[in-house]
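Visitor: Could you work out the structure for the sequence below:
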Amino acid sequence: MDPIRTRERILNGPILKTMALLAWPVMVTSALQALYNLVDAFWLGRLGTAAVAAPGMAWPILFFFMSFSGGFQAAGSTFVAQHFGAGDRRGAEESAGQLLGFLTLLSVFLGALGYSLAPTILGLIRAPQEIFPYALTYLRIECMGLPIMFIAAAFGGFMVGLGQTHFLMYISASSLLLNGVLDPVFIFGWGPFPAWGVAGAAWATVFSRALVAAIGLGILFSGRRGLRLRVRDLRPKLPRVLPILRVGLPNVLDQASTSFGFVVMMGLVAGFGTTVVAAYTVGNRIINLINVVSWGAGSALVAMIGQNLGAERYERAGQVARRGILATFAALVGLYGVALLLRRPMFSLFISDLAVIQEGVGYIMIFGISIPFFGLFDGAAAVFRGSGHTVPPMIMAIVRLWGLRVFLSWLLGYQLGFGTTGMWVGMTLSNVLAGVALVLWLRRGTWKRRLVRAAPAFHSSNLAHK
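Guide: Okay, here's the model as predicted:
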């Protein structure tokens, strides 16, 4: 569907049906990503427990660096959606260009920083000796690929803002399929390729993301999907870039504090040994397969809230928020039930170590309770971000990870002596309490105002190429 027809559906179509149409491609893409991570665990599991645990050890650190792309990507989605909803295509293009140029420079700096500090960071989070060399290799290769990752993320954010989630799905699916093919080839050295082991999994990820980045740049500069960037759009313009930074920085702080909290959580998990790290790594990848509902719904909410507020449809924006969050919660309750029934066979599929399977089954059973409440949190946060009011989700993200998850996991797992069960319970409580709290904050209605300046009344010619 082209951007103009998508805009009309977002502003006037049936809410849940429109949300489903926008959300399902993101869900499919996220599910493929989660499935790839599980396939990654499947192949690495053939190399041993330390190999399968290495990406899990490196992931929280990578997530910290990726929080910068994710935070500003969300701001890009917001500005593109609100400008487009207001009928101001050129404003959407200028905002997209400013963000793309900024993220490219930032990614080069962060990639170099991560590469040089990787050994120190892994040491600080107590990476077990048998995992350390694998995790270091994986982390350094991923850091070299950060510029590719940031460009691909920016493109994805622009497509979400335009409501072009179907098109984004096709490109992302192609990348993930390539990743899945390259994974065993690079890990085990099929054909002319040497056996790179854990490094092969990292290189497969970098090369597959390069496909999205290359296609994305071609699309953005050709103007075939609603935006046509010029080279001059990449040059810094303070009137354009400063509003994006003001909206994006709370997103970055939100995601950075969350990711840093996950780094600390990995340190707590690592304190219980390699078996628990492996169970936590595989368990998270299974839960991420369920969380695709939250991510898909969140992307749809960002586009629908942003475009409705841009068009000054405030009452409809409120209806979108209420119905979307409730539907997400209900869907996740059902999916948790399925995961509970299948938790043991799912773990047995990816690893044969009985101790890891037993620990992982307990993790899914306890932490899985919080999945619907994470849906509440993610849905409410998407509404705030779609409106450009990014401070409330930032505050609650910090509270969720630091005031609740890290503290309760440490208290119950270590100080009170409940071990890994106490740690899983602490993690569960953090999602339940934070999800309810952010929805109550949302109900105050302070998010119902747009960020972009008033634009001329919408005409299809405003969005047509000239």
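Visitor: and Tyr424, what helix or strand is that in?
Guide: For residue 424 the amino acid is Trp, not Tyr. Using DSSP states H and E, Trp424 sits within helix 419-442.
Visitor: Remind me what that helix packs against, helices and strands.
Guide: Using 3 or more Cβ pairs under 8 Å, 6 or more residues apart in numbering; DSSP states H and E, the elements in contact with helix 419-442 are helix 238-270, helix 314-350, helix 354-367, helix 371-387, helix 391-398, helix 407-410. Quick note: C-beta positions are derived from backbone N, CA and C, even for glycine.
Visitor: between that helix and helix 314-350, what angle do the directions make?
Guide: Using axes from the mean of the first three to the mean of the last three Cα atoms, to 10 degrees, the direction of helix 419-442 lies 170 degrees away from that of helix 314-350.
Visitor: Asn12: which of the helices and strands packed on helix 419-442 is closest?
Guide: Of all the helices and strands packed on helix 419-442, it is helix 314-350 that lies closest to Asn12, at 8.5 Å by Cβ to Cβ.
Visitor: Could I get the average pLDDT for that closest one?
Guide: For helix 314-350, mean pLDDT is 90.
Visitor: Also stretch 193-201?
Guide: 88.
Visitor: With stretch 231-244 instead?
Guide: On average, stretch 231-244 scores 83.
Visitor: ends of that stretch, how far apart?
Guide: 19 Å (Cα to Cα, to the nearest Å).
Visitor: can you pull the buried residues of it?
Guide: 233-234, 240-241, 243-244 (16 or more other Cβ atoms under 10 Å).
Visitor: And stretch 95-115, by the same measure?
Guide: 95-103, 106-107, 110-111, 114.
Visitor: go on, stretch 169-187?
Guide: So, applying 16+ other Cβ under 10 Å, buried residues of stretch 169-187: 169, 171-173, 175-176, 178-180, 182-187.
Visitor: Closest one of these to Gln73?
Guide: Ser172 (13.8 Å).
Visitor: Next secondary structure after the strand or helix carrying that closest one?
Guide: Following DSSP H and E, one finds Ser172 within helix 165-188. Per DSSP H and E, the first helix or strand lying C-terminal to helix 165-188 is helix 198-222.
Visitor: between that following helix and helix 165-188, how many degrees?
Guide: Going by the same axes, to 10 degrees, helix 198-222 makes 150 degrees with helix 165-188.
Visitor: With just CA atoms, put stretch 179-191 into CSV.
Guide: C-alpha atoms of stretch 179-191 as CSV (Å, rounded to 0.1, in the frame of the first residue of the first chain):
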residue,chain,number,x,y,z
ASN,A,179,21.7,-14.5,7.8
GLY,A,180,20.2,-18.0,8.4
VAL,A,181,22.0,-19.3,5.3
LEU,A,182,25.4,-17.8,6.1
ASP,A,183,25.3,-18.8,9.8
PRO,A,184,26.2,-22.6,9.4
VAL,A,185,28.4,-21.8,6.4
PHE,A,186,30.6,-19.4,8.4
ILE,A,187,30.4,-21.3,11.7
PHE,A,188,31.4,-24.7,10.4
GLY,A,189,33.2,-23.8,7.2
TRP,A,190,31.1,-25.3,4.5
GLY,A,191,32.5,-25.1,0.9
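Visitor: about what we covered before: so for the helix holding Trp424, mean pLDDT?
Guide: Rounded mean pLDDT across helix 419-442 is 96.
Visitor: residues of that helix that come out buried?
Guide: 420, 422-435, 437-439, 441-442.
Visitor: Give me the below-cutoff pLDDT ranges for this structure.
Guide: Within the chain, the segments meeting pLDDT under 70 span 1-2, 34-38, 451-466.
Visitor: neighbours around the residue lying closest to Phe132 once chain neighbours are set aside, how many?
Guide: Closest residue to Phe132 apart from its sequence neighbours, by Cβ to Cβ, 6 or more residues apart in numbering: Leu122 at 6.0 Å. When counting by other Cβ atoms under 10 Å, one arrives at 21 neighbours for Leu122.
Visitor: can you tell me how far Leu122 sits from Ala135?
Guide: For Leu122, the distance to Ala135 (Cβ to Cβ, to the nearest Å) stands at 6 Å.
Visitor: Next, show the common contact partners of the two.
Guide: Shared contacts of Leu122 and Ala135, defined by Cβ atoms under 8 Å, 6 or more residues apart in numbering, are found at 57-58.
Visitor: mind checking how far Thr120 is from Thr29?
Guide: On the measure of Cβ to Cβ, Thr120 and Thr29 end up 34 Å apart.
Visitor: Between those two, which has more neighbouring residues?
Guide: Thr29 (24 against 8).
Visitor: tilt between the host helix or strand of that one and helix 165-188?
Guide: Element membership for Thr29, per DSSP H and E: helix 15-45. Angle, helix 15-45 to helix 165-188, by the same axes, to 10 degrees: 0 degrees.
Visitor: so who does the residue lying closest to Leu376 once chain neighbours are set aside touch?
Guide: Closest residue to Leu376 apart from its sequence neighbours, by Cβ to Cβ, 6+ apart: Gly435 at 3.6 Å. Neighbouring residues of Gly435 by Cβ under 8 Å, 6+ apart: 370, 373-377, 380.
Visitor: How about Phe221?
Guide: Contacts of Phe221 (Cβ under 8 Å, 6+ apart): 228-230.
Visitor: repeat for Ala127
Guide: Ala127 neighbours (Cβ under 8 Å, 6+ apart): 57, 135, 270.
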